[in-house]
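**Student:** model this:
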Amino acid sequence: MKKLLLHGSIITALLLTGCNSQETTDDTGQGVTGNSQACEQEYFDTSVSSTLNSCVSCHSSGGQASTTQLILLSPVTDNKSANYNTLKNYIQLAGSQLVEKASGAVAHGGGVQLTGTPKDNMEEFVGYVKGTGQCISTTLSTSLLNTSVELLSASKTLRNASYTIQGRAPSADEVSSVNTIEDIDAKLDEYMKSEAFNEWLRLSFNDFLLTDFYKPGRRGEDLLNSTDFPQKRWWVEYSNTDGYRGLDDYTNYAISREAIELIVHVIQEDRPFSEILTADYVMVNPFSAKTYDINIDNFTYVYEQNVTRAYIEQKYPQDSFREGKIDAIPHAGLLSTITYLNRFPSTNTNLDRHRSAKTQLFFLDTDILGLANRPINSTEVLSDTATWTNPNCTVCHNVMEPISSAFKKLG
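**Tutor:** Next up is the predicted model:
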């Protein structure tokens, strides 16, 4: 995580500095280019593969274009190499006809499928395959970039990092303590232990998890099933007594922040980031620990007579979180938290597919809705098992179903 932020700051510095006007050449003084199959495959993977999303629903085995010479597989990572070879062979036979048909320049049963940048990328790939264009690999492009930019000074880079991580300018002492980029590493360690950084993490991850929706009132606590959690309303007998009002707020606060606090915890403990999805525990504060019947010595709230609210808040801070395990409940990091499951709910018809789609979008860099952009004509779906057998459906469902089934027992 630290290296990620450091690299991000440096990249920002590069962008702010900009490019110079010098032409870049290799050691021989000639332009740096690459023509290898690896270069073509690299360009296909990064710029062309996703373009096939709108093609594969018809140009697949069983699709409307299954009798043509262009038969593709679902454009996911495992199929990129196969689709690269298929498309390359087709271009060698049909040439620029691929772009002409998909862009509507000539008759095409599937209509216009390529416009703008996707069309430009496909034309460039066709040029590489036909030998009329020069492919420049990412490695060589990076080499060209590195000779065309200038790094900011260590002090200015530290300033950018401090604003990003802490929301403030570095002090004079901090600036004077760094002379090289390597010196910044120790400062980043220091910044990332600050509460300002933790708040930045909370805000950033809540922007897409949206679990802070459950912070007001009892929205988080109300999600719990009273049968599974008989101590759900443990605080009721004290709620009308002076000094004890607010116990429900402290409890709901913790339940609503379980997913976010897990992310902060994993980062602060320098654990593998994958633990946000694999943790076999839930984050609790002293009050939610009591709700879940988790007894942690000198941590879980214990009722004391005739004490003030200030005393309770000092002894049991609501922002103090620890790991806890709920008996008989399988844990899967933030995926099994009550707020994540309800923010992205299942229904009797989508059967956890919405959860699967969001989980893959957030954590696996896969946009299910982007795997097939072609609208499906409902009158052509004649089978009761279309999601298993119809290529127009399986292009998405084969990717989505395994993860949606994993959510089945989580409610």
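
**Student:** So which bits of stretch 253-268 are buried?
**Tutor:** Residues of stretch 253-268 classed as buried under the neighbour-count rule (16 or more other CB atoms under 10 Å) are 253-267. Backbone N, C-alpha and C define where each C-beta goes, glycine included.

**Student:** Stretch 401-411 now?
**Tutor:** Buried positions in stretch 401-411, judged by neighbour count with 16+ other CB under 10 Å: 401, 403-404, 407, 410.

**Student:** Just the pLDDT for Asn350.
**Tutor:** According to the model's per-residue confidence, Asn350 sits at a pLDDT of 90.

**Student:** now Ser256
**Tutor:** Note for Ser256: predicted pLDDT of 97.

**Student:** isn't it right next to Thr339, touching?
**Tutor:** Yes. In this structure Ser256 lies within contact range of Thr339 using CB atoms under 8 Å: 5.9 Å.

**Student:** so what sits against both of these two?
**Tutor:** Shared between the contact lists of Ser256 and Thr339 (criterion: CB atoms under 8 Å, 6 or more residues apart in numbering) are residues 211, 213-214, 220.

**Student:** so where do the strands sit in this structure?
**Tutor:** Along the chain, the segments classed as strands by DSSP state E run 282-284, 322-324.

**Student:** Leu277 reaches Gly333, doesn't it?
**Tutor:** Yes. With contact taken as CB under 8 Å, Leu277 and Gly333 are classed as touching, separated by 4.2 Å.

**Student:** Among the strands of the chain, which comes closest to Phe362?
**Tutor:** Using CB to CB as the criterion, the shortest distance between Phe362 and these is 18.5 Å, found for strand 282-284.

**Student:** what's that closest one packed up against?
**Tutor:** In terms of contact count using 3 or more CB pairs under 8 Å, 6 or more residues apart in numbering; DSSP states H and E, strand 282-284 is assigned the packing partners helix 258-268, strand 322-324.

**Student:** what comes up buried for the last one?
**Tutor:** It refers to strand 322-324. When burial is assessed from 16+ other CB under 10 Å, strand 322-324 yields the following buried residues: 322-324.

**Student:** Contacts for it next, please.
**Tutor:** Contacts of strand 322-324 with the rest of the structure, by CB under 8 Å, 6+ apart, involve 265, 279, 281-285, 289, 292, 294, 296, 299.

**Student:** That one - what's its average pLDDT?
**Tutor:** Throughout strand 322-324, pLDDT has a mean value of 98.

**Student:** mind checking how far it is from the chain centre?
**Tutor:** In terms of CA atoms, centre = their mean, to the nearest Å, the gap separating the centre of strand 322-324 from the centre of its chain is 25 Å.

**Student:** burial measure for Tyr128, as a count.
**Tutor:** Around Tyr128 there are 20 other residues, counting by other CB atoms under 10 Å.

**Student:** what's the nearest residue to His397 if we skip its chain neighbours?
**Tutor:** Distances taken as CB to CB, 6 or more residues apart in numbering place Thr387 nearest to His397, at 4.5 Å, with adjacent residues excluded.

**Student:** isn't that neighbour right next to Val399, touching?
**Tutor:** No. The pair Thr387 and Val399 fails to qualify as a contact (CB under 8 Å) at a distance of 11.7 Å.

**Student:** and Ile126, what does it touch?
**Tutor:** One correction, residue 126 is Val, not Ile. Neighbour list for Val126: 91, 95-96, 98-99 [criterion: CB under 8 Å, 6+ apart].

**Student:** er, Ile312 I mean
**Tutor:** By CB under 8 Å, 6+ apart, the contact set of Ile312 is 243-244, 246-247, 301.

**Student:** Tabulate these (a markdown table), appending distance to Glu182, pLDDT and neighbour count.
**Tutor:** Rendered in a markdown table, the data for the contacts of Ile312 read as follows (distance: CB to CB, whole Å; pLDDT from 0 to 100; neighbours: other CB atoms under 10 Å):
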| residue | distance to Glu182 | pLDDT | neighbour count |
| --- | --- | --- | --- |
| Gly243 | 54 | 74 | 16 |
| Tyr244 | 53 | 81 | 19 |
| Gly246 | 48 | 88 | 17 |
| Leu247 | 50 | 93 | 23 |
| Tyr301 | 46 | 96 | 20 |
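
**Student:** Restricted to helices, list these.
**Tutor:** Counting by DSSP state H, the members of the contacts of Ile312 that fall within helices are Leu247.

**Student:** okay if I get the contacts of Ile312 as TSV plus distance to Tyr43?
**Tutor:** Formatted as TSV, the contacts of Ile312 follow (distance: CB to CB, whole Å):
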residue	distance to Tyr43
Gly243	68
Tyr244	65
Gly246	59
Leu247	60
Tyr301	59
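
**Student:** What distance do you get for Asn392 to Ser383?
**Tutor:** Distance check for Asn392 against Ser383: by CB to CB, to the nearest Å, it reads 11 Å.

**Student:** neighbour-wise, which of these two wins?
**Tutor:** For Asn392 versus Ser383, neighbours defined as other CB under 10 Å are more numerous around Asn392 (22 against 10).

**Student:** Touching, that one and Ala372? I think so.
**Tutor:** Yes. A contact is recorded between Asn392 and Ala372 when judged using CB under 8 Å, the distance being 7.1 Å.

**Student:** Report the set of residues contacting both of those two.
**Tutor:** Common neighbours of Asn392 and Ala372 (criterion: CB under 8 Å, 6+ apart): Ser57.
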